[in-house]
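Student: test case, fold it:
(4 chains)
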Protein chains: 2
Amino acid sequence: MTDVAECCRLNRRRQAIVASARALFIEQGYEHTTLGEIVERAGGSLATVYKLFGNKDGLLEAAVLEPASSGDELVRAAMEAGGTPSAILHRIAVSFDAHFLNSETVALFKIVIARSMSDRAFARQFFDRTVARTRSALERMFSTWHDRGLALNGSPGLLAEFFLDQFVSDVHAEAMSHGRGIARTPERLNARTEFFIAAAGLGDRVSNDTTGSDRR
Amino acid sequence: MTDVAECCRLNRRRQAIVASARALFIEQGYEHTTLGEIVERAGGSLATVYKLFGNKDGLLEAAVLEPASSGDELVRAAMEAGGTPSAILHRIAVSFDAHFLNSETVALFKIVIARSMSDRAFARQFFDRTVARTRSALERMFSTWHDRGLALNGSPGLLAEFFLDQFVSDVHAEAMSHGRGIARTPERLNARTEFFIAAAGLGDRVSNDTTGSDRR
DNA sequence: GCAACCGTGTAATTCCTATTACACCTTCGC
DNA sequence: GCGAAGGTGTAATAGGAATTACACGGTTGC
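Tutor: Residues are numbered from 1 along each chain as shown, chains lettered A, B, ... in the order given. Alright, predicted model coming up:
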């Protein structure tokens, strides 16, 4: 019971500090956020921060790396929902757009890129956990379709990159232009996805022609 | 005249300071470069920096914004060299790859993104001068081809975005993974370009057969 | 119930760097 | 040549923020 209480207290404090740090880093950036501000908002104290995370860098890693989620779960969810490749890709596009391009995620990318100048390993870790893993998930998806006999106009790796590049590029644009660089509308997203589907050779013609194929 | 002499001396000092600042910013980032280091390498003095640029921010703008070049000149050069759309696109791909993905340019993007957290206008200015302008140049190119009667599988704007996204995305990957994220080879570049050309409907079939068979 | 202990909060400490103030020297008009 | 003007170099100034040292209070084991 006491251990639980201690643990809970510590964990709650830790959670509060990480949440506060995350919010402030996202809002102001890493360099321009002081540990004082973080503990002021979290309600903890400086000593606690140093006990839990060692130094400011450790806190950054905890605040940024821990919640770094990749899109592979989105890919899996979209595939499990079933339907034609075209439908699946449309679904992925919508979820990627929502996931990668909300302001928090964009801010996180900005923080990591800023930090990458002095801490390369940190940046690469983030990249591996987000973009690279998502790319792999997409590649596996295209491979699966390929193995099922769908004729793709390119290797799974190439298609995965091409598909993902749009979103990465949008993140980049958003990071620098803050919404004024590109007008991101559902129509635009739809048109881009349609274009990709046709380019990959996954258009309706193909999926409708598979009347006798064993989908299940 | 005296103005010329003054101007020349001042200009040379200015050039030296800007070059030094640029090199150090690229090497260490903006925040981790001190004005002392800059003047030490440039040979000038702190007072000169403040007289010429006002403060550190002004020096950053001079060092980053002035030499910011977009890819529109590369597009123009590739078009003037003539040939089929396919040949032109391959040429642009090679020059874009060389231009956007050398380490200096990538470092510049990183600096701007880092700064974008506290100075949005600066980042947008850089974005407008590089990515946005390049996108416009590509869009004009596709528009020209469209006006000449080529059947494109998408609007000029869409094609421009799709083509450019690859390179922007590569810059992003390079910024975070430092060469270990993607193996950029000439073969990969070629395959990607070929894929795009086929997707856009600019393959050899089309370009060799521009007489009037627009049956899709 | 008491004393030790560990997490917590506060107050220095220390270093770094942007910015400024001041002294010097080159250059130019006359 | 000479005096002034303004660029140039150096030595403070000042402020901020990471890190550390120290004092406090609740909790636990005996």
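Student: gap between the spatially most central residue of chain A and A:Arg12?
Tutor: In chain A, the C-alpha nearest the mean C-alpha coordinate belongs to A:Ser70, at 4.3 Å (C-alpha atoms, centre = their mean). Per C-beta to C-beta, to the nearest Å, A:Ser70 is found 27 Å from A:Arg12. For the C-beta atoms, the positions are set from N, CA and C on the backbone; glycine is no exception.
Student: neighbours of A:Leu158, how many?
Tutor: By other C-beta atoms under 10 Å in any protein chain shown, 19 other residues sit near A:Leu158.
Student: which strand or helix spans it?
Tutor: A:Leu158 is part of helix A:156-177 when elements are defined by DSSP states H and E.
Student: hmm, back to that, helix/strand/coil for the residue nearest to the centre of chain A?
Tutor: coil (DSSP: H, G, I helix; E, B strand; the rest coil).
Student: so what's it closest to, chain neighbours aside?
Tutor: Nearest non-adjacent residue to A:Ser70, counting by C-beta to C-beta, 6 or more residues apart in numbering or on different chains: A:Arg133, 3.9 Å away.
Student: can you check A:Asn190 too?
Tutor: For A:Asn190, the spatially nearest residue (C-beta to C-beta, 6+ apart) is A:His90, at 7.4 Å.
Student: was I right about that neighbour contacting A:Pro186?
Tutor: No - using C-beta atoms under 8 Å, A:His90 is not in contact with A:Pro186, being 10.8 Å away.
Student: who has more neighbours, the two?
Tutor: When neighbours are counted by other C-beta under 10 Å, A:His90 and A:Pro186 differ, and A:His90 comes out ahead with 18 against 9.
Student: re earlier: residues in contact with the residue nearest to the centre of chain A?
Tutor: A:Arg129, A:Thr130, A:Val131, A:Arg133, A:Thr134, A:Ala137 (C-beta atoms under 8 Å, 6 or more residues apart in numbering or on different chains).
Student: let's see that with 7 Å instead.
Tutor: Taking C-beta atoms under 7 Å, 6 or more residues apart in numbering or on different chains, we find A:Ser70 in contact with A:Arg129, A:Thr130, A:Arg133, A:Thr134.
Student: wouldn't the third one be in contact with A:Asp72 here?
Tutor: Yes - because the distance of 5.3 Å satisfies C-beta atoms under 7 Å, A:Arg133 is recorded as touching A:Asp72.
Student: chain center to stretch A:129-136, what's the gap?
Tutor: Remark: stretch A:129-136 is offset 8 Å from the chain centroid, using C-alpha atoms, centre = their mean, to the nearest Å.
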